[in-house]
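*Asks:* quick one: sequence and predicted model below, then my questions.
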Amino acid sequence: MNPNAASLVLLSCGDSAQISALQTTAAAPLAQALQLTLHHGLSAGPGSDSGNAAQQALAALPPACLAALPLDPGLPLEVGLGHWAAELGAARQPCVLLLSAAQAASGVPAAATALLRQWQVPLVGLAQWGRPWDAEARRHDALPWLGWLDAGAGVGDGSADAPVGGTEALVLSTRLHWRQRLVELS
């Protein structure tokens, strides 16, 4: 079993500006909701995204962290063949795919899920940042959605107008699916 299976890698799709904007706003609230330390050690710096550097970065993940990958997992690595999705699959590293509400209403979730499944990445599930959350559409797309998270809705906020499937549901679903992945990896 991967010794870093107790950590999650946070994946997002799109160009670097989209990923940066999404992770800048959503990574910290997600880490806090999951009671994990946010880790920025998966660097996109020059030379750091080669296959060897990717393996080293994954091996060096601290326990109980949410490590944000600042690159699309389908992008080719700088050196050699492959990409981050292949490295994550080879390392058997559990991941959560974070998507914006706009991406959730597109083909991005299905395409990204297919890519991760192709490379046997232990995908805990998909999380949506922001509203609107369309629970019926998410059920019909048959993808492993965990729920949604929003800057205005904290865990246990108890607001009567909070839609079903908010932060609390996301946290519970993520923990359940993460435990299932850990059992599969052991």
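*Replies:* Nice, I can see it. Numbering: from 1, shown residues only.

*Asks:* would you indicate which residues of the lowest-mean-pLDDT helix or strand in the chain are buried?
*Replies:* Taking all helices and strands of the chain together, the one with the lowest average confidence (mean pLDDT, DSSP states H and E) is helix 167-185, at a mean of 74. Applying a neighbour-count criterion of 16 or more other Cβ atoms under 10 Å, one finds 167-171, 173-174, 177-178, 181-182 buried in helix 167-185. C-beta coordinates here come from the backbone N, C-alpha and C atoms, glycine included.

*Asks:* contacts only, for the residue nearest the centre of the chain.
*Replies:* Averaging the C-alpha coordinates of the chain gives a centre point, and the residue nearest to it by Cα atoms, centre = their mean is V96 (2.5 Å). With contacts defined as Cβ atoms under 8 Å, 6 or more residues apart in numbering, the neighbours of V96 are 8-11, 30, 66, 123-127, 146, 174.

*Asks:* try it again with 7 Å
*Replies:* Listed by Cβ atoms under 7 Å, 6 or more residues apart in numbering, the contact partners of V96 are 8, 10-11, 124-125, 127, 174.

*Asks:* equivalent analysis for P94, please.
*Replies:* The neighbourhood of P94, defined by Cβ under 7 Å, 6+ apart, consists of 5, 8, 122, 124, 178, 181.

*Asks:* ok, T113 next?
*Replies:* Residues touching T113, when contacts are defined by Cβ under 7 Å, 6+ apart, comprise 123, 126, 143.

*Asks:* if we go to 8 Å?
*Replies:* By Cβ under 8 Å, 6+ apart, the neighbours of T113 are 97, 123, 126, 143-144.

*Asks:* next: E136.
*Replies:* Neighbour list for E136: empty [criterion: Cβ under 8 Å, 6+ apart].

*Asks:* that one belongs to a strand?
*Replies:* No: counting by DSSP: H, G, I helix; E, B strand; the rest coil, E136 is not found in a strand; it is helix.

*Asks:* look up how far W145 lies from it.
*Replies:* Look at E136 and W145: by Cβ to Cβ, to the nearest Å, they are 11 Å apart.
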